[in-house]
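In: My questions concern the predicted model and sequence given below.
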Amino acid sequence: MAPASCRRDASATEVPMKIRLVMLGKTRRPEIRALVDDYVARTARFAEVEVAELREDSSASFRKLTLDSAATVILLDDGGKHQTSAQFAKWLGETRDRGAREIIFLCGAADGFPHALRQRATQKLSLSSLTFSHELARVMLAEQIYRAFTILAGHPYPK
């Protein structure tokens with residue numbers, strides 16, 4: 001069970017936090033798409049989740065992307081901060097408990113995100129010291145977000 005400092009009162013009347021996964025390029029492999037969709041559906045029990053895939057070669061798709069100035073924007077980057085699942089869950093819980101209404105995760109393709117979007121990120125996160133395909137990184141991100149919420153809820157999934 002999660003420590004009392006990580007749990008929150010389910011009866012609290014608050015605006016649920018929104019998680020946005022902004023991914024550069026399409027998830028082409030159906031088995032990868034199914035895994036991402038599965039973890040997104042599981043996470044929807046804890047927060048509103050939205051997935052957006054932007055065309056890599058379209059500057060118009062970048063212009064249409066709106067990032068709320070109050071949102072916490074996290075860029076997946078190999079030079080980002082390394083965290084354990086427990087540390088990530090703690091960060092997510094603290095961010096939620098401080099009243100964050102939206103967290104946006106930017107998950108790039110092989111060449112990453114354009115400079116302008118990279119600059120918008122408030123933090124950088126590395127999923128591993130190893131290199132993974134961008135499609136596999138999407139699954140890992142979706143799973144870690146779900147795992148973090150289950151840790152915070154004291155759910156047995158992370159065991």
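Out: Now that the structure is in, tell me what you want to look at. Residues are numbered from 1 along each chain as shown.

In: what about the helices in this protein?
Out: Taking DSSP state H to define them, one finds helices in the chain at 30-43, 59-64, 85-97, 115-120, 134-153.

In: got the contact list for Arg101?
Out: 15, 17-18, 68, 70-71 (CB atoms under 8 Å, 6 or more residues apart in numbering). (Each C-beta comes from the backbone N, C-alpha and C, glycine too.)

In: of these, closest to Ile151?
Out: Nearest to Ile151, judged by CB to CB, of the contacts of Arg101 is Met17 at 15.3 Å.

In: now that closest one: how far from Thr84?
Out: Taking CB to CB, to the nearest Å as the measure, Met17 falls 21 Å from Thr84.

In: These two - which one has more neighbours?
Out: Met17 (20 against 8; other CB atoms under 10 Å).

In: The more buried one against Glu102, yeah?
Out: Yes - using CB atoms under 8 Å, Met17 is in contact with Glu102, at 7.0 Å.

In: Leaving out chain neighbours, which residue sits closest to Gly25?
Out: Excluding the flanking residues, the one nearest Gly25 by CB to CB, 6 or more residues apart in numbering is Ala109, at 4.1 Å.

In: my read: the one you found touches Leu54, true?
Out: No - assessed by CB under 8 Å, Ala109 is found out of contact with Leu54, at 9.3 Å.

In: what about stretch 117-136, average pLDDT?
Out: Taken as a whole, stretch 117-136 has an average pLDDT of 90.

In: which residues does the residue nearest to Val40 when sequence neighbours are not counted contact?
Out: In this structure, Val40 finds its nearest non-sequential neighbour in Val49, 5.0 Å apart by CB to CB, 6+ apart. By CB under 8 Å, 6+ apart, the residues touching Val49 are 18-21, 40, 43.
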